[in-house]
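In: Take this sequence and fold it.
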Amino acid sequence: MTVTELYKQLSDKDFQDHHTGKLFFPAYMYMYNADNEYEIEQEILDIKNRLHRPNNYLDVMVIDIYEEFVEYLKQEKFGKSNKFDFYTIHELNKAEAVDKALKQDAYDNRFLNFLNTKIKNHLNNVNNYEVAYVFVKGFGNAFPYIRASRFMSKFEGFINGYKLIMFYPGEAKEYYSLFGLLKDENLYRAIKLINE
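Out: Below you'll find the predicted structure:
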């Protein structure tokens, strides 16, 4: 699916209804070639702006999962500091322990609730616009701490009142392949917005 085709799909009034979706699950994944990462970043903002115009009148929320994880770690108290600073200080001399802790934090309910609260606050403050979509990007930067499949399996219970569109720099065959090179995880049930 090209970016133009994606925009047409997202502009479709029937598709915008979060109650519609295959298997009644409102999560979709747009896969793209990782070589096009910077172009896709611009296209995401362009789609957001175009959907905001009067012919659609949608307020699309864009979340960078990597940036949100960093923000969460910075506000999460840990002793006299926060988790981000603590991990930064110890990442060289205790690399294995920091790696393990980051992978646990990435799927902890506190982080998932942090994201959910941010989304709900957005939904409650959009004034006259409708919210049909939350775009999630940044999985390339968040690897290996946040993996698309595991994130979705943990976050699916929070998705309510919108459709979640994940932007994934890779492909999916028997498993997700980040950048077309790194074996990520088994396929998740999000509907793929790709050409077969």
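
In: if I pick residue 107, what's in contact with it?
Out: 150-151, 154 (C-beta atoms under 8 Å, 6 or more residues apart in numbering). Quick note: C-beta positions are derived from backbone N, CA and C, even for glycine.

In: Identify each buried residue in stretch 31-46, please.
Out: 31-32, 34, 40, 43-44 (16 or more other C-beta atoms under 10 Å).

In: Kindly apply the preceding question to stretch 99-110 instead.
Out: 101-102, 105-107.

In: quick revisit: min pLDDT across the buried residues of stretch 31-46, which one?
Out: Among these, residue 34 carries the weakest pLDDT, at 79.

In: quick one: that one from residue 168, how far?
Out: 9 Å (C-beta to C-beta, to the nearest Å).

In: Just the CA trace of the helix or strand hosting residue 166, in CSV.
Out: Assigning secondary structure by DSSP states H and E places residue 166 in strand 163-172. Extracted C-alpha coordinates of strand 163-172, given in CSV (Å, rounded to 0.1, in the frame of the first residue of the first chain):
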residue,chain,number,x,y,z
LYS,A,163,-8.2,3.0,15.7
LEU,A,164,-4.5,2.5,16.3
ILE,A,165,-2.3,2.7,13.2
MET,A,166,1.3,1.4,13.8
PHE,A,167,4.0,2.4,11.4
TYR,A,168,6.6,-0.4,11.2
PRO,A,169,9.9,-0.2,9.3
GLY,A,170,10.1,-3.8,8.1
GLU,A,171,8.1,-6.6,6.7
ALA,A,172,6.0,-9.6,8.0
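
In: Can you tell me who the residue nearest the centre of the chain pairs with across the strands?
Out: Against the mean C-alpha coordinate of the chain, by C-alpha atoms, centre = their mean, the closest residue is residue 136 at 2.5 Å. Beta bridges link residue 136 to residue 63, residue 166 when assigned by DSSP bridges.

In: Is it in contact with residue 65, as I believe?
Out: Yes. The pair residue 136 / residue 65 is scored as a contact, 5.6 Å apart, by C-beta atoms under 8 Å.

In: okay, and for this structure, where does confidence drop off?
Out: 19-25, 128-129, 171-196 (pLDDT under 70).

In: where exactly do the strands run in it?
Out: 27-32, 61-64, 77-78, 81-82, 133-137, 163-172, 175-178, 182-186, 191-192 (DSSP state E).
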